[in-house]
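> what follows is a protein structure lacking sequence information:
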């Protein structure tokens, strides 16, 4: 059906502004966009007074819907965003296993580039001033080492349980994947940023990638293997998807 605009105008409904468009349509349609603007499409045979009466009959619904749209828009603006692959570091805080911790950069006689994880903070030690870029690299190194250490422990435990023999572990930052398995060589890759997520997520990824040494593809057999060893894998996967290390 031809939906070309024949004519348009703006109506007022007790303070609300509604953009009215007459088209070659059969039904009247009222919609609210994400920014709160209100549009109404009406058949060309309807008069403006008929449209006005229709609006008045739907005013209560319209105001309730408008309030809902504006509230959702406000919440979306307030909710901080996170893009996968982005380094969770604002210069003052880091994330470790799902917990947000202060990051203290300390000039020290200790070996340059070492760090210590305390109960309520992470201390980064250096012997000469660090640029912002160097601090980011230091934090990424910290995340990587945490995944290397904890990932190796989990891989050893789960490889024995699952009866597989991975040949090695590599950790690096990835933007689209949490892990991968080279079934030809037996090598496992893990995303550096898993250090920011709860440890249950790292364990799920380790089991997931080791399962590929039994079944290369994401077949029903593969998911059955994961479920056999980690029955709660769906909950772990959802946690991985829902958690956001926003500083």
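Ah, there it is. The model shown is predicted, which means the values in this text are computed figures rather than measured ones. Numbering: from 1, shown residues only.

> identify the residues contacting stretch 219-233?
Among residues not part of stretch 219-233, those counted as contacts by Cβ atoms under 8 Å, 6 or more residues apart in numbering are 158, 161-162, 203-204, 207-208, 211-212, 214-215, 236. For every residue, glycine as well, the C-beta is placed using N, CA and C.

> need the helices for this structure, in chain order.
Counting by DSSP state H, the segments of the chain that form helices are 48-57, 59-78, 132-162, 199-211, 220-229, 233-242.

> mind checking pLDDT for residue 3?
What the model reports as pLDDT for residue 3 is 66.

> try residue 71
Here the pLDDT value assigned to residue 71 is 82.

> what is the neighbour count of it?
10 (other Cβ atoms under 10 Å).

> again with residue 156
In terms of burial, residue 156 registers 13 neighbours under the definition other Cβ under 10 Å.

> what's the most buried one of the helices of the chain?
Mean neighbour counts were taken over the helices of the chain using mean count of other Cβ atoms under 10 Å, and the top value, a mean of 23, falls to helix 199-211.

> residue contacts, residue 161?
Per Cβ under 8 Å, 6+ apart, neighbours of residue 161: residue 229.

> and the helix or strand of the chain with the lowest mean pLDDT, what does it pack against?
Every helix and strand in the chain was compared by mean pLDDT, DSSP states H and E; the lowest is helix 59-78, with a mean of 82. Contact analysis of helix 59-78 by 3 or more Cβ pairs under 8 Å, 6 or more residues apart in numbering; DSSP states H and E lists strand 16-23, strand 29-32 as its packing neighbours.

> nearest to residue 116, out of those strands?
Comparison of the helices and strands packed on helix 59-78 against residue 116 by Cβ to Cβ identifies strand 29-32 as nearest, at 53.5 Å.

> quick revisit: so the least confident helix or strand of the chain versus strand 16-23, what angle?
Helix 59-78 runs at 110 degrees relative to strand 16-23, counting by axes from the mean of the first three to the mean of the last three Cα atoms, to 10 degrees.

> hmm, back to that, and which of the contacts of stretch 219-233 is nearest to residue 7?
Distance to residue 7, by Cβ to Cβ, is smallest for residue 236 among these, at 57.0 Å.

> what about residue 219, distance to residue 70?
46 Å (Cβ to Cβ, to the nearest Å).

> likewise for residue 84?
Residue 84 sits 29 Å away from residue 70 when distances are taken as Cβ to Cβ.

> before we move on, the earlier item: out of the helices and strands packed on helix 59-78, which is the most enclosed?
Comparing the helices and strands packed on helix 59-78 by mean neighbour count (mean count of other Cβ under 10 Å), strand 16-23 ranks first with a mean of 16.

> quick one: it to helix 48-57, angle?
Using the same axes, to 10 degrees: strand 16-23 against helix 48-57 is 130 degrees.

> work out the gap between strand 16-23 and the centre of the chain.
Using Cα atoms, centre = their mean, to the nearest Å, the mean C-alpha position of strand 16-23 is found 37 Å from that of the whole chain.

> same thing with stretch 106-115?
The chain centre lies 33 Å from the centre of stretch 106-115; the measure is Cα atoms, centre = their mean.

> same check on stretch 60-78?
Mean-position distance between stretch 60-78 and its chain equals 23 Å (Cα atoms, centre = their mean).

> residues in contact with that stretch?
Stretch 60-78 is contacted by residues 13, 16, 30, 32-36, 38, 55 when judged by Cβ under 8 Å, 6+ apart.

> fine by me, thanks again.
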